[in-house]
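# Generate coordinates for the sequence data below:
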Amino acid sequence: MDIGLAEDLEFGLVAEWVNGLDSLQTAMKDPEVVEEEDEA
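Numbers count the residues shown, from 1 in each chain. Predicted coordinates:
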């Protein structure tokens with residue numbers, strides 16, 4: 001990645017991007033299992 005591109009981005013956008021990557025990594029490491037409920 002070109003450092004010049006990062007200088008043009010707003011800090012908020014970079015923070016959201018990093019937070020998204022962290023959330024994705026956490027989800028892949030410990031996936032949540034959703035069980036289907038049987039409807040009678």
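# in this protein, which ranges drop under the pLDDT threshold?
Applying pLDDT under 70 to the chain flags the ranges 1-9, 31, 39-40.
# what's the longest helix in it?
With secondary structure taken from DSSP state H, the chain has its longest helix at helix 11-29.
# And the most centrally placed residue in the chain, how far from residue 13?
Residue closest to the mean C-alpha point of the chain, counted by C-alpha atoms, centre = their mean, is residue 20 at 2.4 Å. For residue 20, the distance to residue 13 equals 11 Å [C-beta to C-beta, to the nearest Å]. Bear in mind the C-beta positions are built from the backbone N, C-alpha and C, glycine included.
# would you put the C-alpha positions of stretch 14-27 in CSV?
Extracted C-alpha coordinates of stretch 14-27, given in CSV (Å, rounded to 0.1, in the frame of the first residue of the first chain):
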residue,chain,number,x,y,z
VAL,A,14,-8.9,4.5,8.7
ALA,A,15,-10.2,3.7,12.3
GLU,A,16,-13.4,2.2,10.9
TRP,A,17,-11.4,0.1,8.4
VAL,A,18,-9.0,-1.2,11.1
ASN,A,19,-12.0,-1.9,13.4
GLY,A,20,-13.7,-3.9,10.6
LEU,A,21,-10.6,-6.0,10.1
ASP,A,22,-10.3,-6.7,13.8
SER,A,23,-14.0,-7.7,13.9
LEU,A,24,-13.5,-10.0,10.9
GLN,A,25,-10.4,-11.6,12.4
THR,A,26,-12.3,-12.3,15.7
ALA,A,27,-15.3,-13.7,13.8
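# Quick one: distance of that stretch to the chain centre.
Taking the mean of its C-alpha atoms, stretch 14-27 sits 3 Å from the chain's own mean (C-alpha atoms, centre = their mean, to the nearest Å).
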